[in-house]
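Engineer: Give me a model of this one.
(one chain, ligands or ions: 3)
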Amino acid sequence: MALIVQKYGGTSVATPEHIGRVAEKVIATRGAGCDVVVVVSAMSGETNRLLALAHAITDRPDPRELDVILATGEQVTIALLSMALQARGCPAHSYTGAQVHILTDSMHNKARIMDIDAARIQHDLAAGRVVVVAGFQGVDEQGNITTLGRGGSDTTAVALAAALKADECQIYTDVDGVYTTDPRVVPEARRLARLTYEEMLEMASLGAKVLQIRSVEFASKYNVPLRVLSSFEEGAGTLITAEEEGMEQAQISGIAFNRDEAKLTVLGVPDQPGVASRILGPIADAGIEVDMIVQNVAEDATTDFTFTVHRRDYTQALAILQDVARELQAREVSGDDRIVKISLVGVGMRSHAGIASRMFRALAEEGINIRMISTSEIKVSVVVDEKYLELGVRALHDAFELGRSGGQPEGE
Ligand code: ADP
Ligand code: ASP
Ligand code: MG
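Structural biologist: Ligands and ions are numbered 1, 2, ... in the order given. Modelled structure (predicted):
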């Protein structure tokens with residue numbers, strides 16, 4: 001029998017009525033002859049409410065205790081969904097992450113799944129039950145409750161699908177698939193019928209929050225077919241798989257953006273070996289992740305060194321740089337936390353020159369100044385002022401004709 005893992009996000013389980021509708025969808029899938037494992041998120045807004053509660057107690061909640069409270073959101077929805085299924089005559093059992101041994105490392109608030117014990121779930125499935133598992137949470141080797149980072153229920157679902165060798169992992173959400181860009185910013189955005197893991201990974205890494213990055217990594221590693229669908233409308237959604245021979249490749253599959261960026265510059269550092277590591281070493285030691293890095297060509301014997309970090313790390317990174325700058329006898333440190341990153345993604349870019357220049361032209365025509373550029377094989381990213389985010393994304397969406405009236409067929 002086919003096995004499907006379905007994940008329902010926060011908006012899909014927002015109220016008891018929504019949960020009833022999810023139960024009906026699950027039952028319909030069973031009716032079509034599939035075993036079903038369901039992963040649910042907390043009701044929408046609940047994780048934020050729990051976070052706010054913790055922060056009302058202390059500015060810096062202990063990460064271990066934070067996981068204990070955050071994990072409660074999903075514990076509510078698994079029981080409610082299980083009851084909704086039972087009330088409709090469908091046998092079901094709910095489980096927390098720890099109960100089905102979703103074993104993670106001990107990095108509280110951003111733990112990684114290491115192993116899942118599929119036996120208990122398989123036993124329930126064989127007994128004819130639907131298994132409902134709490135998303136976003138696990139347990140470490142010492143028995144501490146952990147959570148997987150925001151959006152982590154996606155990863156729970158894919159990891160379960162991999163462990164159970166499911167035929168498909170379906171992510172039900174409030175949009176009916178992955179779009180050329182966030183449809184909330186560009187209403188003309190077009191749903192993509194298919195994407196490769198690689199493209200989706202770039203989109204997610206560059207800010208498209210429709211899937212947690214880790215879930216796409218998992219899907220790619222274990223070759224789990226992943227489908228993004230709407231909880232509210234019928235449709236085929238977006239299927240994400242490995243690149244297949246003969247799969248038609250759009251040049252550009254989409255535009256991702258990230259509002260959580262900040263940039264820092266050390267001006268007038270001596271242009272000598274070891275400088276980059278002396279600047280970035282202390283940043284890494286503080287656990288701050290660096291994204292783009294640019295070093296100017298030295299004119300006198302000094303150079304400027306610029307990099308970007310997550311906005312939440314901006315103040316700390318700036319303080320570290322002040323110290324480093326003093327040690328290096330650099331001229332000055334400057335920073336800006338009102339910047340965003342916009343990226344153009346597509347595997348078809350590999351074989352097409354001129355994408356970047358077309359991108360820069362489209363931004364220039366709108367008078368948008370590019371502050372940093374970075375490219376890889378299948379993406380071009382630019383950093384621009386925050387106020388240009390919407391304008392920039394729309395301009396690029398138009399320039400590359402990604403909209404509904406655009407030239408690229410969907411190819412269902
Ligand atoms: P859930 O609560 O179901 O996990 P999320 O809010 O995490 O849902 O993800 C769905 C949202 O992702 C959409 O409402 C949409 O605004 C956003 N999004 C961002 N980029 C894209 C994209 N390229 N395609 C579709 N949705 C996107
Ligand atoms: N409830 C968690 C969050 O809001 C996990 C998830 O929904 O995926 O981030
Ligand atoms: Mg999500």
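Engineer: okay, now H310: neighbour count?
Structural biologist: 15 (other Cβ atoms under 10 Å). To be clear about C-beta, it is placed using only N, CA and C from the backbone, and glycine gets the same treatment.
Engineer: need the contact list for it.
Structural biologist: Listed by Cβ atoms under 8 Å, 6 or more residues apart in numbering, the contact set of H310 reads D260, E261, A262, I288, E289, D291.
Engineer: Distance-wise, check D300 relative to ligand 3.
Structural biologist: According to Cβ to the ion, to the nearest Å, D300 stands 49 Å off from ligand 3.
Engineer: ignore the last one, Q316
Structural biologist: Taking Cβ to the ion, one finds Q316 at 27 Å from ligand 3.
Engineer: Now the residue in the stretch 101-250 of the chain positioned nearest to ligand 3. Nearest residue, chain neighbours left out?
Structural biologist: The nearest approach of the stretch 101-250 of the chain to ligand 3 comes at G151, 4.1 Å away (Cβ to the ion). Nearest residue to G151, sequence neighbours excluded (Cβ to Cβ, 6 or more residues apart in numbering): Q212, at 3.7 Å.
Engineer: Chain neighbours aside, what residue packs nearest to whichever residue of the stretch 151-300 of the chain sits closest to ligand 2?
Structural biologist: Nearest residue of the stretch 151-300 of the chain to ligand 2, counting by Cβ to the nearest ligand atom: S153, 3.2 Å away. Residue nearest to S153 in three dimensions, not counting chain neighbours: G135, with 2.6 Å by Cβ to Cβ, 6+ apart.
Engineer: So which bits of the stretch 51-200 of the chain are right by ligand 1?
Structural biologist: G151, T173, D174, V175, V178, Y179, T181, D182, P183, R184 (Cβ under 6 Å from any ligand atom).
Engineer: Tabulate those residues (JSON lines), appending neighbour count, pLDDT and secondary structure.
Structural biologist: Converted to JSON lines, those look like this (neighbours: other Cβ atoms under 10 Å; pLDDT from 0 to 100; DSSP: H, G, I helix; E, B strand; the rest coil):
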{"residue": "G151", "neighbour count": "21", "pLDDT": "97", "secondary structure": "coil"}
{"residue": "T173", "neighbour count": "23", "pLDDT": "97", "secondary structure": "strand"}
{"residue": "D174", "neighbour count": "15", "pLDDT": "96", "secondary structure": "coil"}
{"residue": "V175", "neighbour count": "22", "pLDDT": "96", "secondary structure": "coil"}
{"residue": "V178", "neighbour count": "30", "pLDDT": "97", "secondary structure": "coil"}
{"residue": "Y179", "neighbour count": "24", "pLDDT": "97", "secondary structure": "strand"}
{"residue": "T181", "neighbour count": "26", "pLDDT": "97", "secondary structure": "coil"}
{"residue": "D182", "neighbour count": "18", "pLDDT": "96", "secondary structure": "coil"}
{"residue": "P183", "neighbour count": "16", "pLDDT": "95", "secondary structure": "coil"}
{"residue": "R184", "neighbour count": "10", "pLDDT": "94", "secondary structure": "coil"}
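Engineer: going on from the strand or helix carrying R30, what's the next piece of helix or strand?
Structural biologist: R30 belongs to helix 16-31 when assigned by DSSP states H and E. Going down the chain from helix 16-31, the next helix or strand is strand 34-40, by DSSP H and E.
Engineer: what lines up beside that following strand in the sheet?
Structural biologist: strand 2-8 (parallel), strand 130-134 (parallel) (DSSP bridges).
Engineer: Just say which of these is most tucked in.
Structural biologist: Most buried of the strands paired with strand 34-40 by mean neighbour count (mean count of other Cβ atoms under 10 Å) is strand 130-134; its value is a mean of 27.
Engineer: so that one versus helix 16-31, what angle?
Structural biologist: 130 degrees (axes from the mean of the first three to the mean of the last three Cα atoms, to 10 degrees).
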